[in-house]
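**Student:** Output the structure for:
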Amino acid sequence: MKKKLDDLTLADIENSTWEVIIEDVLDEGDPDDLVEFALRSDLTVLQRERRRYRDYIVRCEFRLADGTVLDGYISPRHDIELISMWPTIFFNDQQLPFQSFGNVNHSKATLGLLGKRESEFFPVTIKSMVADDGKFLELRFEEFP
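**Tutor:** Predicted structure coming up:
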């Protein structure tokens, strides 16, 4: 089964691991046109092929300062930067990126959509719900990165 990133739902990610396949990453165009998700039964080592990039995403939880727990997804690898982990919150049938490619104004707009002040959101802990190489990824942020 394949899906576009924008079509992924909380129901899709609740009990599944999804492999991310990005074709022709050097071509210009809409990045959403380049990303598809294929259902995986387990986590595997990142594979790189010529003009093809593979990764995976799993369900995660965002635990906010006020105790609210929000579901989302993340690529739970320990060897990459946060932006490459795609931490994303599911809220009211929307996907809200935790970090939008360094755009702090966009990230702060996410707070408005959640109806949260920064003091209610931060510190926030993001934890993967699927282990990668026997480890669960857990990140803590005091503010937007």
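
**Student:** Can you list the low-confidence ranges for this protein?
**Tutor:** Along the chain, segments meeting pLDDT under 70 span 1, 21-54, 77-84, 100-102, 104, 133.

**Student:** what sits against residue 140?
**Tutor:** 123, 124, 125, 126 (C-beta atoms under 8 Å, 6 or more residues apart in numbering). All C-beta spots, glycine's among them, are computed from the backbone N, C-alpha and C.

**Student:** Let's see the ChimeraX selection covering just the buried ones among the residues you listed.
**Tutor:** Restricted to buried positions by 16 or more other C-beta atoms under 10 Å, the ChimeraX selection for the contacts of residue 140 reads:
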select :124,126
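
**Student:** Make sure residue 143 is actually in contact with residue 122.
**Tutor:** Yes - here residue 143 lies in contact with residue 122, judged by C-beta atoms under 8 Å, at a distance of 5.7 Å.

**Student:** Please say which of those two ends up with more neighbours.
**Tutor:** residue 122 (17 against 11; other C-beta atoms under 10 Å).

**Student:** Can you tell me how far that one is from residue 4?
**Tutor:** Distance of residue 122 to residue 4, given as C-beta to C-beta, to the nearest Å: 31 Å.

**Student:** mind listing what's buried in the lengthiest strand in the chain?
**Tutor:** If you go by DSSP state E, the chain has its longest strand at strand 52-63. Under the neighbour-count criterion of 16+ other C-beta under 10 Å, strand 52-63 has 53, 55, 56, 57, 58, 59, 60, 61, 62, 63 buried.
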